[in-house]
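> here is a sequence with its predicted model. Questions after.
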Amino acid sequence: MKKLISIVIPVYNEEEVIPELCKRLGAELKKIHKYEFEIIVVENGSHDSSFNLLLKERIKNKKIKIIQIVKNVGTDGALIAGLTFAKGDAAIVMMADLQEDPSLLPKFIKKWEDGFEIVYGVVEGRKKLPILRRLETYLYYKIINLITNNLVIENASDFRLMDKKAYKAIVEMPEHNKFFRGLANWMGFRQTGVRFDRAPRYAGESKAYFSTVMKVALNGIFSFSNLPVYLPFALATMAFILFVGLLLLRQWQLAMDSLFFTFIFGVLGIQAEYLRRILLETRNRPQFFIREKIGF
């Protein structure tokens, strides 16, 4: 009996991409005769016709299974939703925008066959990426690796294959703000990378806005770094040094006011973030709500 591989794809307002995505992915999977496949598309609260297009594609290809989320839960939340219902001996996670070529799938599967439990894509080149976006990406990896002790592999994407024991371990973790990329590396399963050039988005607009990227970056920092806990001590040291300097300059009021408020608000902000996370875990609310499941 052939092994099953699940392919999990989050979709959010991708009506311009879905037909081509299904066409290319379906054509590629037909070339791989060694395995059975299920394609789990997580419709992540879209406002366009993405869901209706997916229904039409399922008529053509019964391998497609659809999970419709009630409201958008972010990329990581959608991935967890898809992996929750995956049944494959391995699962491949990829985005819908066709920047990750489906023709790369055999390379990922070959690495899995060689004994690696996690195979991640490493972006070597980003075609037609604006300079500002390149700078954001560069700074993102440098800062998050500095703070999390190199937990996130530089230029490693969410495009990856995970053995069943790896992806089910992530699903079963009780925490709510799951930083998918960080957890995959943190678990310690045998892993390796596959290098590829990321193509331009096939159509539509990128959903990786600056605010979205910042949210993901902060999630990674607060999930995997203890550095923010020690930041108040650094602020206290800086405050003391600055206080002594201003004291020598006899700037009494300015020294007292600015240092006091900077220190207090810095400490309170960090404590508030950790308290917020404790509150979320204590509430134990579901990570997502499903409106409809089709094909399961």
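Here it is on my side, so go on.
> now V73: closest residue in space that isn't a chain neighbour?
Nearest residue to V73, sequence neighbours excluded (Cβ to Cβ, 6 or more residues apart in numbering): F288, at 4.8 Å. Just so you know, the C-beta spots here come from the backbone N, C-alpha and C atoms, and that holds for glycine as well.
> helix, strand, or coil at the one you found?
Following DSSP: H, G, I helix; E, B strand; the rest coil, F288 is assigned to coil.
> quick check: phi and psi on it?
Dihedral pair for F288: phi -160, psi 160, per degrees, to the nearest 10.
> tell me the contacts of it?
Residues near F288 by Cβ atoms under 8 Å, 6 or more residues apart in numbering: 69-70, 73, 77-78, 80-81.
> quickly note the distance from it to G77.
For F288, the distance to G77 (Cβ to Cβ, to the nearest Å) stands at 6 Å.
> re the thing from before, quick check: the farthest pair among the contacts of F288?
Greatest spatial distance in the contacts of F288: V70 and I80, 14.7 Å, computed using Cβ to Cβ.
> which of the two has more neighbours?
Higher neighbour count among V70 and I80: I80, with 24 against 11, using other Cβ atoms under 10 Å.
> the strand or helix carrying the more buried one: how far from the chain's middle?
Assigned by DSSP states H and E, I80 belongs to helix 74-84. On the basis of Cα atoms, centre = their mean, to the nearest Å, helix 74-84 sits 9 Å off its chain's mean C-alpha point.
> and the chain, split by domain according to the record?
Following automatic domain parsing, one gets these domains for the chain: 4-131+153-207, 226-283.
> just to revisit the earlier point, quick check: pLDDT value at the residue nearest to V73.
In this model, F288 is scored at 82, pLDDT.
> mind checking how far it is from A169?
Distance, F288 to A169, using Cβ to Cβ: 19 Å.
> just give me the closest of the contacts of F288 to A27.
Nearest to A27 out of the contacts of F288 is A78 (Cβ to Cβ; 24.4 Å).
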